[in-house]
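**Student:** Quick one, fold the following:
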Amino acid sequence: MLEKEIRKVFSEHPDIIYGFTDISYCPYGEDYHSALVFAVPYGEQLTADDYTEERFEQGIQTARSRLETVVAEIEQILQKHQAKYWIPPVAQENEKELRALFSFKTAAAHAGIGWFGKNDVIITERYGPRVRLSALLIDERFTYGQPVTVGRCPENCTKCIDICPCKALKNQQWTIEKDRSEIIDYQKCNRMRSAFISKLGRKSACGLCLAVCPFGRAEPDQNMELTIRKMNERDLEPLHALLSDPDVMLFLEPPYSTEQTRSFLQAALSDAPPVYAVDQDGAFIGYVIYHTYDEDSMEIGWVLTPDQWGKGYASALTKQMIARARNEGKSLVIECDPGQEITKHIAVRHGFVWSGEENGLEIYRLS
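**Tutor:** The predicted structure is shown next:
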């Protein structure tokens with residue numbers, strides 16, 4: 001119940017990336033079983049062309065304000081459940097070591113949120129490094145993310161290294177065993193930032209290496225053509241990864257076991273499948289629902305892997321299925337949990353109209 005309530009909070013903030021991790025890897029694991037880590041995108045996703053230090057600092061402050069709001073929401077839930085927790089401070093302990101009491105970045109990698117880039121900053125697939133992290137340590141067990149243990153930056157990409165004004169970056173690919181001193185001369189970076197205290201009244205934010213990073217820059221193509229196909233036996237492994245993910249299944253059913261996934265796949269292999277696989281560039285990224293709802297209508301829906309959320313794929317798939325239904329002379333219906341705000345938004349944007357509730361689900365029909 002505690003985990004579901006926490007996940008519900010993040011379902012209301014769909015742009016925030018979050019995850020849970022076991023923290024037995026660090027000393028705090030003796031007092032707390034887990035860390036909840038989340039990444040809020042900066043207010044502006046600045047590029048090298050429109051970057052200024054002032055705008056970057058403002059983006060940090062905007063993200064910080066949102067972090068505080070979400071932390072307060074989570075705290076209320078933890079207090080209601082009388083869970084033991086601690087919010088680690090963001091500030092570093094001292095100017096010599098420049099280390100925080102608890103590393104949000106390390107926890108983010110263990111939770112599967114991202115990896116350390118060549119600039120020693122967490123890189124996410126969705127926003128690149130342009131996020132602000134927070135964490136709560138909780139003495140409860142949760143469903144944990146898959147740790148990221150190696151960097152995913154292209155070997156030949158040196159954008160952050162080339163733009164670093166104090167040349168503190170060492171062009172090293174990160175692995176979870178590496179010490180940060182192998183990646184960055186953090187004292188050199190700190191000296192350069194500290195030189196601005198007299199002018200700004202604070203250290204320089206200096207986010208040039210974040211602004212130039214190409215990760216998280218892809219713009220959704222609303223005319224994209226995703227491949228919708230019948231499932232096959234080779235889909236079992238990626239399908240199970242999808243259906244066993246608690247974030248994916250939050251509003252659907254409890255996460256599936258392997259046997260439940262096999263049964264689901266068998267239904268999809270039938271002559272009249274209720275669902276179809278979705279591929280992007282030949283890779284399985286989820287499935288669409290397309291089956292008879294009533295005499296005049298087909299039901300549609302989509303279930304995609306979390307790394308593909310926010311890319312415009314759900315809208316693209318909806319457009320494809322509307323075209324297919326019209327070719328077949330059918331209308332369309334979308335059913336969803338009342339908490340699925342993004343689904344409802346997509347439905348309305350594509351001409352669906354709320355028509356009532358049934359069995360706890362909201363029903364939208366194509367007008």
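
**Student:** tell me the domain boundaries of this protein?
**Tutor:** 2-211, 227-366 (automatic domain parsing).

**Student:** Would you mind giving these as a markdown table with distance to Arg217, mean pLDDT and mean neighbour count added?
**Tutor:** Just so you know, the C-beta spots here come from the backbone N, C-alpha and C atoms, and that holds for glycine as well. Formatted as a markdown table, the domains of the chain follow (distance: least, C-beta to C-beta, whole Å; pLDDT from 0 to 100; neighbours: other C-beta atoms under 10 Å):
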| stretch | distance to Arg217 | mean pLDDT | mean neighbour count |
| --- | --- | --- | --- |
| domain 2-211 | 7 | 90 | 17 |
| domain 227-366 | 12 | 91 | 16 |
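
**Student:** where do the helices sit along the stretch 101-250 of the chain?
**Tutor:** 104-110, 159-163, 186-194, 197-200, 208-211, 236-243 (DSSP state H, counting those that start in this stretch).

**Student:** Rebuild those as TSV, extending it with distance to Ile16.
**Tutor:** TSV is the format used below for the helices of the stretch 101-250 of the chain (distance: least, C-beta to C-beta, whole Å):
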stretch	distance to Ile16
helix 104-110	12
helix 159-163	24
helix 186-194	27
helix 197-200	29
helix 208-211	18
helix 236-243	21
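
**Student:** To Asp50, which of these lies closest?
**Tutor:** helix 208-211 (8.3 Å; C-beta to C-beta).

**Student:** I'd like to know which elements that closest one is packed against.
**Tutor:** Secondary structure elements in contact with helix 208-211, counted by 3 or more C-beta pairs under 8 Å, 6 or more residues apart in numbering; DSSP states H and E, are helix 159-163.

**Student:** starting at the chain centroid, how far to the helix it packs on?
**Tutor:** Distance, stretch centre to chain centre, for helix 159-163: 25 Å (C-alpha atoms, centre = their mean, to the nearest Å).

**Student:** For the closest residue to Leu136 other than its chain neighbours, give the beta-bridge partners.
**Tutor:** Leaving aside its sequence neighbours, Leu136 sits nearest to Leu36 (C-beta to C-beta, 6 or more residues apart in numbering; 4.8 Å). Leu36 has these beta-bridge partners by DSSP bridges: Phe20, Leu136.

**Student:** State the distance from Leu36 to Gly329.
**Tutor:** 49 Å (C-beta to C-beta, to the nearest Å).

**Student:** what are the ranges of the strands in the stretch 101-250 of the chain?
**Tutor:** Ranges of strands within the stretch 101-250 of the chain are 115-116, 122-123, 131-138, 227-229, based on DSSP state E, counting those that start in this stretch.

**Student:** got the ones you listed as a markdown table, with distance to Arg152 columns?
**Tutor:** Below are those laid out as a markdown table (distance: least, C-beta to C-beta, whole Å):
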| stretch | distance to Arg152 |
| --- | --- |
| strand 115-116 | 5 |
| strand 122-123 | 7 |
| strand 131-138 | 16 |
| strand 227-229 | 25 |
